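>>> Need coordinates for the below:
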Amino acid sequence: MLPDIGAVFGPYTYLASEVAFGSLALALLYRVDALGRAAVTVAALYPVAYVWDWYTLTIGVFAIELRTGVDFLGIPIEEHIFMVVVPALVVAFHETIHGRVGAGDAAGDDRET
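Numbers count the residues shown, from 1 in each chain. Next up is the predicted model:
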């Protein structure tokens, strides 16, 4: 059985999970010096993610129970954060696995030089 963090965080449960996973993404991106690349990816994906999220919430595809209740531009604030955290985490893992270990370090980079 999984622990019920909803009993601890209540309406801040979704927000707390985003802070946890966002912190992981930030730490990994910082470690591999990929904050800028992640920001570009997030900026490119955000408009599509916003429209997709707004639409699915509007037609009732899903409901978010454990959230703050704060909406911004027609969707929960947690969803805006989610649309930043998810692509940032994907870039963080990709860069950690396939990218550079630090600025100027080519360790783990399988490209020919």
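
>>> pLDDT value on Leu26, please?
Listed pLDDT for Leu26 reads 97.

>>> tell me the centre residue of the chain?
Nearest to the mean C-alpha position of the chain, counting by CA atoms, centre = their mean, stands Val85 at 1.2 Å.

>>> What is the longest helix of the protein by residue count?
helix 35-59 (DSSP state H).

>>> Show me what the helix or strand just after that helix is packed up against.
Helices and strands here follow DSSP states H and E; after helix 35-59, the next one along the chain is strand 71-72. Using 3 or more CB pairs under 8 Å, 6 or more residues apart in numbering; DSSP states H and E as the contact criterion, no helix or strand is in contact with strand 71-72. Any C-beta I mention is one placed from the backbone N, CA and C, and that applies to glycine too.

>>> I'd like the average pLDDT over strand 71-72.
94.

>>> so what strands line up beside the helix or strand just after that strand?
Scanning forward in sequence from strand 71-72 by DSSP H and E, the next helix or strand is strand 75-76. Strands adjacent to strand 75-76 in the sheet, as given by DSSP bridges, are strand 71-72 (antiparallel).

>>> distance between the partner strand and the chain's centre?
18 Å (CA atoms, centre = their mean, to the nearest Å).

>>> And stretch 86-102, by the same measure?
Centroid displacement of stretch 86-102 relative to its chain, using CA atoms, centre = their mean, is 12 Å.

>>> just stretch 36-43 next, same as before
11 Å.
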